[in-house]
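Trainee: I would like the atomic coordinates for the input below:
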Amino acid sequence: MHTVVERELELKLVLSPERGIPVPARLSYRTDDPYAVHITFHIGTDHPVNWTFARELLVEGVFRPCGHGDVRVWPTKVAGRSVLLMALSSPDGDALLEAPAAQVTSWLERTLTAVPPGSEAEQLGIDDGLAELLAPSPKLSASLEQGGLPTVDDLWLRDPWPSDKSKGGE
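Mentor: Residues are numbered from 1 along each chain as shown. Alright, predicted model coming up:
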C-alpha cells in the first residue's frame, strides 16, 4: 500500500520586489515515487501546471541555497517572515515563487516520517525484483539438488535469434 502526503497552500508568484500574484498550489509526495516531490500550480486554466523534482533538493533548500538549472530553492526572510524561494525555469519561461517556510517544512516533515531519508530504495522494491529475476529456475534447482551440473538449457542461454545453421540446416 502506498501513502500520499499532500498539502494545499498559497504561493506567491514574484513579479517584482513590490508585487506578486497569489497562486494556489498543492504539494504532493507519494511513497511509490519516494525520491520526488510534485507541485501542482492552479493558475486559473483548465490544465494545472505540474513540476516534479527531487525531495532532497527541497529538504536542503529549507536550510541553504541549493539546486542549479531548472530548479533552485533557498530560504530567506521577506517582511520579517521566513519564506522559501523557488526559481523554476523551463522552455516556456521562468518563475520565481515564494512559499511560506513553516507550511512547506511541516509538509516535508510528514514526508520524511512516511519515508525516512536513505530508505527510499526500499519503497521501490528493487531488491525484491532483482532477487525474483535472478532466482534459479525450479528445473535448475532440481538438477542441482540431484547433484547434476546445469545444462545450457537450464540456464536459458539459448540463442534468441537462431540462424539457419542452428536449426540443423547444414
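Trainee: Buried by neighbour count: which residues of the host helix or strand of Tyr29 qualify?
Mentor: Tyr29 belongs to strand 19-30 when elements are defined using DSSP states H and E. Counting neighbours by 16 or more other C-beta atoms under 10 Å, one finds that the buried residues in strand 19-30 are Gly20, Val23, Ala25, Leu27, Ser28, Tyr29, Arg30. In short, each C-beta sits where N, CA and C put it, glycine included.
Trainee: can you pull up the bridge partners for the second one?
Mentor: Here Val23 sits in beta bridges with Leu11, going by DSSP bridges.
Trainee: And the last one, by the same measure?
Mentor: When assigned by DSSP bridges, Arg30 has beta-bridge partners Val4.
Trainee: That one: what's it in contact with?
Mentor: His2, Thr3, Val4, Val5, Ala36, His38 (C-beta atoms under 8 Å, 6 or more residues apart in numbering).
Trainee: buried subset of those residues?
Mentor: Among those, those classed as buried by 16+ other C-beta under 10 Å are Val5, Ala36, His38.
Trainee: Sketch out the low-pLDDT regions of the chain for me.
Mentor: Filtered on pLDDT under 70, the chain yields the residue ranges 125-130, 136-170.
Trainee: mind redoing it with 50?
Mentor: Within the chain, the stretches falling below the threshold (pLDDT under 50) are 169-170.
Trainee: Give me the phi and psi for the residue nearest the centre of it.
Mentor: Central residue of the chain (C-alpha atoms, centre = their mean): Ala36, 2.7 Å from the mean position. Phi and psi for Ala36, reported as degrees, to the nearest 10, are phi -110, psi 150.
Trainee: Now do the contacts for it.
Mentor: Tyr29, Arg30, Thr52, Phe53, Ala54, Arg55.
Trainee: how much space between it and Leu27?
Mentor: Counting by C-beta to C-beta, to the nearest Å, the gap between Ala36 and Leu27 amounts to 12 Å.
Trainee: what touches both of those two?
Mentor: Shared contacts of Ala36 and Leu27, defined by C-beta under 8 Å, 6+ apart, are absent.
Trainee: Show me where this structure has its helices.
Mentor: Under the criterion DSSP state H, the chain contains helices at 55-61, 101-114, 120-124, 126-134, 138-145.
Trainee: Done for today, thanks.
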